[in-house]
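Undergrad: Provided below are the primary sequence and the corresponding predicted coordinates.
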Amino acid sequence: MDDFAGARTKMVDSQLRTEGVTDYNVLSVMGRVPREQFVAVNERALAYLDTDIPIKSADGETPRYLMEPAPLARLLQLAEIDKTDLVLAIGVGSGYSAAIIAGLASFVVAVESDAQLADNARENLVGCGIANAKVFNGSLVAGYPSEGPYDVIFIDGAVEVIPAALFSQMKDGGRLVAVVGYGRSAVATVSTKTDQRIGRRAAFNADVRPLPGFRKPEVFVF
């Protein structure tokens with residue numbers, strides 16, 4: 001039997017701490033949540049490698065991945081999630097990021113556009129005994145306004161543009177964390193809302209896989 005508990009400890013020590021993740025709560029939760037439960041059975045041996053793990057083939061659309069542990073941890077640290085926060089998690093795939101956020105926040109509203117992944121996420125969260133997260137199948141760019149406004153919005157993947165609809169679902173004083181751009185030039189950013197105004201701060205470069213639906217509209221030149 002694989003030593004997944006040992007692999008989690010090694011992940012925290014050799015992948016997260018060495019990449020500047022110092023938030024005790026993030027390290028603690030990622031050291032507890034069984035990452036192997038959120039990938040296919042035949043991929044479980046890869047669950048704790050420092051790489052993105054495929055969770056959904058392209059099928060003509062954007063393929064989906066479980067984000068590499070270190071950038072995920074750094075983004076969650078950037079979000080500064082408090083135990084009283086209501087969090088909207090966008091594009092949670094098989095539910096791993098929602099499970100981590102549930103260990104940091106009061107409650108997580110998770111949105112996943114792929115119906116099969118949304119079902120998997122629900123099953124995985126139940127299997128891990130996580131009760132303070134609910135997964136909805138719906139448009140990623142639309143968010144989930146009926147449960148908001150939110151203290152934190154977390155986008156689990158790279159985007160080219162952040163829709164205004166998501167900013168409108170932030171509480172005053174709230175934070176939105178996303179990787180903006182694609183490839184090695186992409187930047188992890190935190191946006192804050194103050195008196196209905198949005199400010200954005202670049203934090204670090206982060207090369208993560210893109211989410212579907214967040215590209216800028218094409219501009220036609222005649």
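TA: Arrived safely, thanks for sending. Numbers count the residues shown, from 1 in each chain.
Undergrad: so what's the residue nearest the centre of the chain up against?
TA: Nearest to the centroid of the C-alpha atoms of the chain, with distances taken as CA atoms, centre = their mean, sits Asp156, at 2.9 Å. If a contact means CB atoms under 8 Å, 6 or more residues apart in numbering, then Asp156 has Met67, Leu72, Ala89, Ile90, Gly91, Val92, Gly93, Ser97, Leu211 as its contacts. The C-beta positions use only the backbone N, C-alpha and C, and glycine is treated the same way.
Undergrad: Tell me which entries of those residues lie within helices.
TA: Members of the contacts of Asp156 lying in helices (criterion: DSSP state H): Leu72, Ser97.
Undergrad: What residue, apart from its backbone neighbours, is nearest Asn120 spatially?
TA: On the basis of CB to CB, 6 or more residues apart in numbering, the spatially nearest residue to Asn120 that is not a chain neighbour turns out to be Ser94, at 4.8 Å.
Undergrad: I'd say the one you found and Leu117 touch.
TA: Yes. In terms of CB atoms under 8 Å, Ser94 counts as a neighbour of Leu117; the distance is 5.9 Å.
Undergrad: Need the residues touching each of those two.
TA: The overlap between the contact sets of Ser94 and Leu117 (CB under 8 Å, 6+ apart) consists of Ile55.
Undergrad: neighbour-wise, which of these two wins?
TA: Ser94 (28 against 20; other CB atoms under 10 Å).
Undergrad: Look up phi and psi at the more buried one.
TA: phi -80, psi 0 (degrees, to the nearest 10).
Undergrad: Can you give me the distance of it to Glu36?
TA: Taking CB to CB, to the nearest Å as the measure, Ser94 falls 11 Å from Glu36.
Undergrad: Please name every helix or strand in contact with the helix or strand containing Val135.
TA: Element membership for Val135 (DSSP states H and E) is strand 133-137. Secondary structure elements in contact with strand 133-137, counted by 3 or more CB pairs under 8 Å, 6 or more residues apart in numbering; DSSP states H and E, are helix 96-102, strand 107-112, helix 115-127.
Undergrad: The last one versus strand 133-137: what angle between them?
TA: Angular relation of helix 115-127 and strand 133-137 on a 0 to 180 degree scale: 170 degrees, by axes from the mean of the first three to the mean of the last three CA atoms, to 10 degrees.
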